[in-house]
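Colleague: any chance you could fold what I've pasted below:
(4 chains)
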2 protein chains.
Amino acid sequence: MENANKNNHFNPAFVCGYKDPDAVRELLTRVGDRWSILLILTLFKLHESRARFSELENSIPGISQRMLTLTLRNLERDGLIERELFPEVPPRVEYELTNLGKSLIRPLEGLIDWVTINWEEVNKAQVQYDSK
Amino acid sequence: MENANKNNHFNPAFVCGYKDPDAVRELLTRVGDRWSILLILTLFKLHESRARFSELENSIPGISQRMLTLTLRNLERDGLIERELFPEVPPRVEYELTNLGKSLIRPLEGLIDWVTINWEEVNKAQVQYDSK
DNA sequence: CGGCATCCGTTCCGATACTG
DNA sequence: CAGTATCGGAACGGATGCCG
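Modeller: A predicted model of the protein is given here:
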């Protein structure tokens, strides 16, 4: 994204009260991808924000090994989780939320709560919209 | 998504404390797409949660006409915004957040706040990760 | 066990052109 | 002004096979 609009009055960076719309967008691509939030929340709910690879794989129905790996890598790169390899045979790998990652739990749960409360109304709106 | 895992102990629908992981995922695809959040927040910040098409187009740098239209349609379908057409020449169309849409503002701002506070740390983590 | 590499279909989305 | 239609590249993500 180039530096876009000189007219800050209509720049959402101004309008929305934050400085870096690209940062927001980058987070949102992470938040919005298919598995990141489920992964973070699942990791949080498992014993002390810590779990091994296979446990996560079993705890998130439908995720493929590939996407679990990729999602874990991205979150590790963002500093939200830490990876620890135990050099055993067979190998054991454990993932744990960092403090940064844990700090994301509350805002994420805010979203989840909204869904829980309002999803039925969203569904009704969709049905009504589609009937026309 | 098939009905997946019978073992609810490891079903994130159970683990994360919500009933409908598909609903969560469907919201997240909306939340996570390139423009929805910016659009909702921009609409909220403009005069009384209401703006016309061209105003939104100018307020969101980088959005294409096509994506603005599509994003507006999807949000309208979800019941988060309402569209009002004034049959003038040239036509005028105004969009407004519904109460349902406004109720999403707070959790969204929770996310934005998190980004504002923590993005620098995320960036440092990324740089450090990439240097290896 | 916990990956990585490859292939491949699907979806996303920007660019462009056209319209009431 | 506020759209719609079409095209094509890019990104996403599932399936499969291999490997230390």
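
Colleague: all helices of chain A, in order?
Modeller: Secondary structure of chain A, counting by DSSP state H: helices at A:12-15, A:21-32, A:36-45, A:53-59, A:65-77, A:99-103, A:105-130.

Colleague: which of those helices sits most buried?
Modeller: Of all the helices of chain A, helix A:36-45 has the most neighbours on average by mean count of other Cβ atoms under 10 Å in any protein chain shown, namely a mean of 23. For the C-beta atoms, the positions are set from N, CA and C on the backbone; glycine is no exception.

Colleague: one step back: and the helices of chain A, which one averages the lowest pLDDT?
Modeller: Within these, the stretch with the lowest mean pLDDT is helix A:12-15, showing a mean of 44.

Colleague: so which residues on chain A come close to DNA strand D?
Modeller: With the criterion set to Cβ under 7 Å from any atom of the strand, chain A comes near DNA strand D through A:29, A:33, A:34, A:62, A:63, A:64, A:65, A:66, A:67, A:90, A:91.

Colleague: ok, back up a step: turn the helices of chain A into a markdown table, including distance to residue B:24.
Modeller: Output for the helices of chain A, formatted as a markdown table (distance: least, Cβ to Cβ, whole Å):
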| stretch | distance to residue B:24 |
| --- | --- |
| helix A:12-15 | 26 |
| helix A:21-32 | 12 |
| helix A:36-45 | 8 |
| helix A:53-59 | 15 |
| helix A:65-77 | 16 |
| helix A:99-103 | 18 |
| helix A:105-130 | 5 |
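
Colleague: nearest to residue B:99, out of those?
Modeller: Minimum separation from residue B:99 across the helices of chain A (Cβ to Cβ) falls at helix A:105-130, 9.7 Å.

Colleague: re earlier: out of the helices of chain A, which comes closest to residue B:50?
Modeller: In terms of Cβ to Cβ, the element of the helices of chain A nearest to residue B:50 is helix A:12-15, at 13.8 Å.

Colleague: ok, which pair from the residues of chain A next to DNA strand D is furthest apart?
Modeller: Longest span within these, Cβ to Cβ: A:29 and A:90, 34.0 Å.

Colleague: circling back: between the residues of chain A next to DNA strand D, which is closest to DNA strand C?
Modeller: If you rank those by distance to DNA strand C using Cβ to the nearest atom of the strand, residue A:90 comes first, at 3.4 Å.

Colleague: domain ranges for chain A?
Modeller: Following automatic domain parsing, chain A resolves into domains at A:1-31, A:34-130.

Colleague: out of those domains, which comes closest to residue B:57?
Modeller: domain A:1-31 (9.7 Å).

Colleague: for the closest residue to DNA strand D within chain A, give me its contacts.
Modeller: Nearest residue of chain A to DNA strand D: residue A:34, at 3.3 Å (Cβ to the nearest atom of the strand). Listed by Cβ atoms under 8 Å, 6 or more residues apart in numbering or on different chains, the contact set of residue A:34 reads A:67, B:25, B:29.

Colleague: near DNA strand C, which residues of chain A show up?
Modeller: A:52-54, A:57, A:65-66, A:69, A:72-73, A:83, A:90-93.

Colleague: nearest to chain B: which residue in chain A?
Modeller: Relative to chain B, the nearest point of chain A is residue A:32 (1.1 Å; Cβ to the nearest Cβ).

Colleague: that residue reaches residue B:28, doesn't it?
Modeller: Yes. With contact defined as Cβ atoms under 8 Å, residue A:32 reaches residue B:28; the gap is 5.8 Å.
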